[in-house]
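[1] Just a sequence and a predicted model for now, questions to come.
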Amino acid sequence: MVPPLDLNEFQENLSTQFRPWKRSFQFWVRAVDIYTGYKVLQLRANFEKNAAKRDAMWENQHQLAADKIYNMCTHLGGFFLKVAQIIGKPDLAPAAWVKRLVTLCDQAPATPYSVVKVVLEKELGRSIDELFERFDADPLGSASIAQVHRARLKGDKIDVVVKVQHPDVQDLMMTDIRNLQAFALYMQKTDIKFDLFSVTKEMEKQIGYEFDFLREADAMEKIRRFLYANNKKSPVQVPRVIRNILTRRVLVMEYIDGIPILKLEDEIAKRGINPAGKVAAAAKQNILKSLTLAYGQMILKSGFFHADPHPGNILICRGSEVALLDYGQVKDLPEKLRLGYANLVLAIADNDPIKALESYRELGINTLTKCKDEQKELLRLAQTMFDTKLPPGVTMLQPFSEESSIKKIAVQAFPEELFSVLRTVHLLRGLSVGLGINYSCAEQWRPIAEEALFLAGRLTDKDIKGSSRPRRGILKRIFGS
């Protein structure tokens with residue numbers, strides 16, 4: 001006898017099967033709408049001779065696009081929240097975009113507590129009441145892959161953070177990435193002469209890693225050990241992992257008290273401090289100094305680094321100390337790329353176009369250009385991609401502009417593994433712009449890059465500029481402390 005059909009189960013299975021197709025359709029409808037809006041305006045702007053009117057047309061288009069991008073990211077969620085974090089930066093996107101997208105950090109829809117409880121108890125093999133003295137039902141924050149809850153373990157006096165993976169999100173995120181890869185292929189053939197496809201392939205690899213909390217725990221511990229071993233005091237705080245409560249989908253770590261960096265201005269004003277005054281400026285400088293030193297050491301000295309310093313992952317603690325959270329995206333640079341990038345850092349810091357060209361070749365960045373001053377433009381492109389200080393006269397990256405280095409120079413091949421460095425530098429640049437500090441990470445990282453190349457036998461004592469302990473000196477010159 002044929003068992004009766006469970007209509008609800010059938011509908012649910014059918015919905016699950018068609019969900020990726022529906023999601024793909026929604027992405028392409030919205031992406032094409034945003035793209036064509038800009039292309040139509042590009043044509044219209046060519047016929048408008050009045051510069052003020054032309055600027056007003058662009059500003060209006062940016063506002064329309066900002067609302068559409070925001071709606072797409074909030075409606076689709078998941079991977080597109082990460083896209084918003086990447087493009088919603090003051091140096092990269094129009095002000096209208098930044099104003100809308102900056103609010104999306106940690107704004108993913110939260111998984112209901114009833115579902116979280118089921119996931120936790122299934123993963124840990126024990127009830128929440130057995131493990132925790134207290135467990136806050138409302139999450140501290142929810143991101144695209146997981147959400148975090150504050151709790152206290154049984155028999156302990158300190159609080160912990162419990163990171164729990166959202167169920168059934170991995171397949172949808174992979175669908176999103178493949179749609180973005182197709183869009184990237186189109187864009188690099190038509191508008192942006194850059195190997196965007198390799199960038200999206202690296203994103204696919206990195207985001208795949210984020211679903212393994214065992215890997216994240218190992219990464220957190222490795223970076224914590226490195227930073228604490230190489231400094232009298234680590235430039236950033238790294239949470240301690242609670243090893244005996246850890247699975248692929250659940251991660252428990254120490255709770256660090258602090259405020260999100262996006263709320264720093266509000267906190268400064270709340271304490272009666274002038275946000276534009278010397279005290280606030282000193283605090284911001286210390287924050288940026290700590291982050292930049294930590295990243296310089298991780299990338300150039302170790303090669304193993306936290307690759308996701310967006311504002312939602314940075315807490316500001318007492319005394320302007322910085323805590324770096326979320327180690328789902330980390331990168332282990334091969335030795336050749338680490339040293340090649342160290343060489344490029346020196347080229348940027350020295351404004352040396354010949355050394356920049358040599359570094360491109362060593363790193364496997366293949367370019368094609370027919371512009372008049374090729375070497376100058378290649379250095380300018382290096383500054384645009386790999387330094388926090390924008391090239392002279394540039395206040396915002398405009399890849400569609402005819403004056404953009406990315407328009408003048410075709411980047412035909414870009415190593416996938418170098419994307420994490422590129423993204424990290426751009427996120428640091430976004431933070432520096434947000435804090436109102438214009439500085440060069442290449443200049444700050446010069447001593448660390450020199451040390452890396454010296455230890456590899458590629459520099460001699462005579463090659464190294466400055467004192468035998470130049471790191472402190474350059475930090476003083478940049479930050480005045």
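    Thanks, I have the structure now. Keep in mind that this is a model prediction, so the values were computed, not measured.

[2] my read: residue 45 touches residue 55, true?
    No - judged on Cβ atoms under 8 Å, residue 45 makes no contact with residue 55 at a distance of 9.3 Å. To be clear about C-beta, it is placed using only N, CA and C from the backbone, and glycine gets the same treatment.

[3] how about the residue nearest to residue 376 when sequence neighbours are not counted, what does it touch?
    Among residues not flanking residue 376 along the chain, residue 353 sits closest, at 6.1 Å (Cβ to Cβ, 6 or more residues apart in numbering). Counting by Cβ atoms under 8 Å, 6 or more residues apart in numbering, residue 353 touches 347, 375, 376, 378, 379.

[4] Report the buried members of those.
    Among the contacts of residue 353, those scoring as buried are 347, 378, 379 (criterion: 16 or more other Cβ atoms under 10 Å).

[5] List the buried residues for stretch 60-69?
    Neighbour-count burial for stretch 60-69, counted by 16+ other Cβ under 10 Å, picks out 61, 62, 63, 64, 65, 66, 68, 69.

[6] re earlier: want to try TSV for the contacts of residue 353, with distance to residue 223 as columns?
    Converted to TSV, the contacts of residue 353 look like this (distance: Cβ to Cβ, whole Å):
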residue	distance to residue 223
347	27
375	37
376	37
378	33
379	32
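
[7] Let's have the residues you listed in JSON lines, adding secondary structure, distance to residue 20 and pLDDT.
    Output for the contacts of residue 353, formatted as JSON lines (DSSP: H, G, I helix; E, B strand; the rest coil; distance: Cβ to Cβ, whole Å; pLDDT from 0 to 100):
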{"residue": "347", "secondary structure": "helix", "distance to residue 20": "44", "pLDDT": "95"}
{"residue": "375", "secondary structure": "helix", "distance to residue 20": "47", "pLDDT": "84"}
{"residue": "376", "secondary structure": "helix", "distance to residue 20": "46", "pLDDT": "84"}
{"residue": "378", "secondary structure": "helix", "distance to residue 20": "41", "pLDDT": "87"}
{"residue": "379", "secondary structure": "helix", "distance to residue 20": "44", "pLDDT": "89"}
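
[8] mind listing the strands in the stretch 151-300 of the chain by residue range?
    159-165, 236-237, 241-246, 250-254, 259-260 (DSSP state E, counting those that start in this stretch).

[9] Count the neighbours of the residue lying closest to residue 253 once chain neighbours are set aside for me.
    Once flanking residues are discounted, residue 253 sits nearest to residue 239: 4.1 Å by Cβ to Cβ, 6+ apart. Residue crowding around residue 239 was assessed by other Cβ atoms under 10 Å; the count is 23.

[10] go on, the one 10 residues further on?
    Residue 249 has 20 neighbouring residues, counting by other Cβ under 10 Å.

[11] which residues sit in contact with it?
    Taking Cβ under 8 Å, 6+ apart, one finds 119, 123, 164, 165, 211, 213 in contact with residue 249.

[12] What is the least confident helix or strand in the chain?
    Scoring the helices and strands of the chain by mean pLDDT, DSSP states H and E places helix 470-479 at the bottom, with a mean of 40.

[13] Just the ones of the buried residues of stretch 60-69 in helices?
    Counting by DSSP state H, these place 61, 62, 63, 64, 65, 66, 68, 69 in helices.

[14] Kindly provide the distance from the fifth one to residue 128.
    Computed with Cβ to Cβ, to the nearest Å, the distance linking residue 65 and residue 128 is 44 Å.

[15] now do the fourth one
    Here residue 64 is placed at a distance of 46 Å from residue 128 (Cβ to Cβ).

[16] which helix is the longest one in this structure?
    Longest helix in the chain, counting by DSSP H: helix 7-46.

[17] For that one, the averaged confidence score.
    Average pLDDT, helix 7-46: 77.

[18] Stretch 312-328 too?
    The average pLDDT for stretch 312-328 rounds to 92.

[19] Endpoint to endpoint, it covers what distance?
    Terminal residues of stretch 312-328 are spaced 13 Å apart (Cα to Cα, to the nearest Å).

[20] who touches it?
    Under Cβ under 8 Å, 6+ apart, the answer for stretch 312-328 is 85, 105-106, 141, 143, 145, 209-210, 213, 216-217, 219-220, 223, 235-239, 256-262, 264, 267, 282-283, 286-287, 290-291, 294, 306, 308-309, 431.
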